[in-house]
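# only the shape, not the letters, is given here:
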Ligand SMILES: [Zn+2]
C-alpha cells in the first residue's frame, strides 16, 4: 500500500519539486605549483535571494585541535551568474558573506599550502596533496547538497587524481554526496603509481583495494608492497569477520613516500593518507616498515570511521570535536595495528610494553583515560605560546588506550577461559554500531556512547558486574589494571622496581654560571617533587659543593634511604635549603619468558590463540 500512495503523490507534484539542485561545483587549477598555491573556483546555484555564507573549516576529521585553515586564503573574488562582480565581505575570521547575487555565485580564491600530511595542503612541482578542509570553502546551510570537483593538472605534467571521491567518466572529475563525505576525501594529484588487488569474502563477494603511491620507486616495488598489504588486510578482517562496504567500490591507500612530505597517517572512511618521507620502497625493509602505519590506519576503516563515538558524528568543521573515547578509537587501533602485524607474521613485537609504560607514568593518577581523550584538542598538534603542564598531567590516549586494550584483551581471555577475546568485543561493536553506518556515505547511523561500551563488554563476558568494575576502575576511574596477573598466563613476567637502585626522578636541566637550572616541570610523585624542586629553580649547591650537572647525576648512584642536602634559588631570588631523600627505583619492566626458557604448553596455547594468524 505505501509505495502506491507515494507514487500518487509523485504524479501530483510539479516536476520542479523533484529536481535536485545542481551540485556545488569546484574547479581546481595549479597555475604556479612552484609557488605552493592553487586556485579554486566554487560555483553555487539555486541560492534564492539570501546572501551566500562561505566558510573555511577550522578543524579536520581525525585531528582534534583547531587549525584555522582560513589563514591561507588570499585573492578572494566573486561574480554572479551573469558575470557581475560581487562584494565579498569578510564577516568573521573564517567566514565570508556575498550578497546581491542572482541566485548563482562563483567564488574564486587562491590558497597556499606547503605541508603534505593528513591535515594540511601541500603543493609543489611534484604533486598537490589536498586535505579537503584545508583547501575548500563550503557553503553554510548547503551541507547536504552534492558536490563535484574537477582538477586541471599543470600543463605538461602527467598528474592523475587519487581519491576516495566517487569517479565519473572524466578521470579528472569526481563527486561526493554531501559535505561530510567530500571533506573526508583527501586527494593526491601527481604522477603516482598504482597497484590493485581484491579479497574474496565468505559470501563470495570481492572487496577491492588500490594502492596509490607517490614515491621514488619502481612499479614492481609497489606490487611487492601490495602483497604485504593484502596479508595485513586479511588479518584485520579476521577481527571483524568482514570488510566494510567501501562506497566508491574500493578502499584506497594514498601513500606518499616523497622527500618533502611531513610524516603522518590519517584515517578516512574509504581511504587513508600516509606520508613517510625518507621511507624507500626499493628494499624489503622499507616495504616492511611501511606496513606499520598502514596497519594502524586500515583498522580505522572499522574503528572510528564506522564504529564511531558520539562527539565526532557528524563532524563539526567550525570547532574542536571532543569525544569520550579516543582511547578506544585511537588506543585500541594502536594495539591492533601492532597485534595484526604479529598475526600476519611481519613482526614479533607483541604490544605488551604499553602495560609497563602506563605503570611508569605518574600522570595516570591525575586523569582517567576518558579524561585524557577529552584533552585531545589541547594535545593533538595544538599550538599556543603559553607553557602547559601536559608533560606531567597528560598521557597520550594512543598509548594509554593501547594499555587498556591489552588489559581488556587478556582479561576477557582469562575471564572466559579462552572462549572470548577483545576480537569478540570489537566484532560485537561492529555488528551493533559500525554496520549500521553503511546506509549513507559520509554519515554514521549509530554512533556509540561510553555506556554502550559497558553494555557490549557485559555481553561478551556475560557478566555485568565485571564489565562495570572494569569501566569504573580502569576506564572512567584512575586505577591501573593488574598487568602482572594478566600477563602471567601468556608467559610474560612483570618486574616492579629495583630495590637496590637509587632514584630521585628526572627533569630537564641546564648547567649555568650560577649552578644548574631546572628547565622543565618536575613529575608528580618523585623525590625531587617531594623535596619542593620545580621549573624556574636554580640548584646552587649539592651537599655544600657548587652544583654541576655531573654532581647532580651522581645523586642517582646513591643508595635508597640516603639523603642529599641541596640549596636552590627560587625565581624571587631567595635561597633555600631542601633535602632530597633517595628512594628505590620504581621502574616497571616486562620480561618475555620465551627468551630464557621453554614456555609451558598452557602459555604456548595462550599465545597461539592470541597471536596466531586469523586472516585465512
Ligand atoms: Zn589513528
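Looks like it came in fine. This is a predicted model, so every value here is computed, not measured.

# report the buried residues of the helix of greatest length in the chain.
Across the chain, the longest stretch assigned as helix under DSSP state H is helix 219-240. Within helix 219-240, the residues that qualify as buried are 221-222, 224-226, 228-240, counting by 16 or more other CB atoms under 10 Å. Yep, even glycine has a C-beta here, placed from its N, CA and C like the rest.

# what does stretch 305-316 give?
Within stretch 305-316, the residues that qualify as buried are 305-309, 311-315, counting by 16+ other CB under 10 Å.

# next: stretch 542-562.
Buried residues in stretch 542-562 (16+ other CB under 10 Å): 542, 547, 551-552, 555, 560.

# also stretch 509-522?
509, 515-518, 521-522.

# and that stretch, how far apart are its ends?
Separation of the first and last residues of stretch 509-522 by CA to CA, to the nearest Å is 10 Å.

# what's next to it, contact-wise?
Here stretch 509-522 makes contact (CB atoms under 8 Å, 6 or more residues apart in numbering) with 389, 391-392, 505, 507-508, 528-529, 533-541, 546-549, 552, 569.

# one more time with 7 Å, if that's ok
For stretch 509-522, the surrounding residues in contact (CB atoms under 7 Å, 6 or more residues apart in numbering) are 389, 391-392, 505, 507-508, 528-529, 533-540, 547-549, 552.

# now those residues: which count as buried?
Applying 16+ other CB under 10 Å to the contacts of stretch 509-522 flags 392, 505, 507, 528-529, 533, 535, 537-540, 547, 552 as buried.

# before we move on, the earlier item: tell me which of the contacts of stretch 509-522 fall in strands.
538-540 (DSSP state E).

# which stretches of the stretch 451-600 of the chain have low pLDDT?
Applying pLDDT under 70 to the stretch 451-600 of the chain flags no residue at all.

# all helices of it, in order?
Here the stretch 451-600 of the chain has its helices, by DSSP state H, counting those that start in this stretch, at 464-470, 483-487, 527-530, 549-555.

# list the helices and strands the shortest one packs on?
So that's helix 527-530. For helix 527-530, the helices and strands in contact under the criterion 3 or more CB pairs under 7 Å, 6 or more residues apart in numbering; DSSP states H and E are strand 575-581.

# what do you get if the cut-off is 10 Å, keeping everything else the same?
helix 549-555, strand 563-569, strand 575-581 (3 or more CB pairs under 10 Å, 6 or more residues apart in numbering; DSSP states H and E).

# how about residues contacting that helix?
In this structure, residues lying in contact with helix 527-530 by CB atoms under 10 Å, 6 or more residues apart in numbering are 362, 392, 502-507, 518, 521-524, 533-534, 537, 539, 552, 555, 560, 563-564, 566, 578-583.

# then the first one?
For helix 464-470, the surrounding residues in contact (CB under 10 Å, 6+ apart) are 404, 407-408, 411-412, 415, 453-461, 463, 476-477, 481.

# again, 8 Å this time
408, 411, 415, 454-455, 457-458, 461.

# just the buried ones from these?
Using 16+ other CB under 10 Å, the buried ones in the contacts of helix 464-470 are 408, 411, 415, 454, 457-458, 461.

# can you add distance to residue 498 and give those back as JSON lines?
Below are those laid out as JSON lines (distance: CB to CB, whole Å):
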{"residue": "408", "distance to residue 498": "29"}
{"residue": "411", "distance to residue 498": "28"}
{"residue": "415", "distance to residue 498": "32"}
{"residue": "454", "distance to residue 498": "38"}
{"residue": "457", "distance to residue 498": "36"}
{"residue": "458", "distance to residue 498": "40"}
{"residue": "461", "distance to residue 498": "36"}
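
# what's the closest of these to residue 593?
residue 411 (19.8 Å; CB to CB).

# OK, contacts around that closest one?
So residue 411 contacts 470, 481, 486 (CB under 8 Å, 6+ apart).

# and what of residue 152?
Contacts for residue 152 (CB under 8 Å, 6+ apart) come out as 27-30, 172.

# got the confidence number for it?
Looking at residue 152, its pLDDT reads 98.

# name the residues that touch stretch 283-290?
Against stretch 283-290 from outside (CB under 8 Å, 6+ apart): 221, 224-225, 228, 255, 257, 274, 276, 279-281, 346.

# do the same with stretch 579-591
By CB under 8 Å, 6+ apart, stretch 579-591 touches 352-353, 355-356, 359-360, 483, 487, 492-504, 527-528, 530-531, 533, 555-556, 558-566.

# just the buried positions in that stretch, please.
580, 582-583, 586, 588, 590.

# and for residue 485, the neighbour number?
Residue 485 is flanked by 12 other residues according to other CB atoms under 10 Å.

# distance of it relative to residue 141?
56 Å (CB to CB, to the nearest Å).

# please apply the same query to residue 120.
Counting by CB to CB, the gap from residue 120 to residue 141 is 27 Å.

# and those two? which has more neighbours close in?
Ranked by neighbour count (other CB under 10 Å), residue 120 and residue 141 place residue 120 first, with 23 against 10.

# look at the closest residue to that one other than its chain neighbours and report its pLDDT.
Spatial nearest neighbour of residue 120, chain neighbours left out: residue 134 (4.8 Å); criterion: CB to CB, 6 or more residues apart in numbering. Looking at residue 134, its pLDDT reads 98.

# next one: the one 4 residues further on
pLDDT recorded at residue 138 is 98.

# help me confirm that it comes into contact with residue 57.
Yes: using CB atoms under 8 Å, residue 138 makes contact with residue 57 at a distance of 7.4 Å.

# list residues touching both of these two?
Counting by CB under 8 Å, 6+ apart, the shared contacts of residue 138 and residue 57 are 183, 317.

# quick one: which of the two has more around it?
residue 57 (27 against 23).

# following element in sequence after the longest helix of the chain, please.
Counting by DSSP states H and E, the next helix or strand C-terminal to helix 219-240 is strand 251-256.

# partners of that next one, with directions?
Note on strand 251-256: by DSSP bridges, its sheet partners are strand 206-214 (parallel), strand 271-275 (parallel).

# and among these, the most buried is which?
Highest mean neighbour count of the strands paired with strand 251-256: strand 271-275, a mean of 27 (counted as mean count of other CB atoms under 10 Å).

# what does it rub up against?
Residues from elsewhere that reach strand 271-275 (CB under 8 Å, 6+ apart): 116-118, 129, 131, 163-164, 185-186, 188, 251-257, 261-266, 290, 293-294, 297-298, 300-301.

# would you turn the contacts of helix 464-470 into TSV with distance to residue 422?
Listed next are those as TSV, based on distance: CB to CB, whole Å:
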residue	distance to residue 422
408	6
411	9
415	12
454	15
455	16
457	10
458	15
461	11
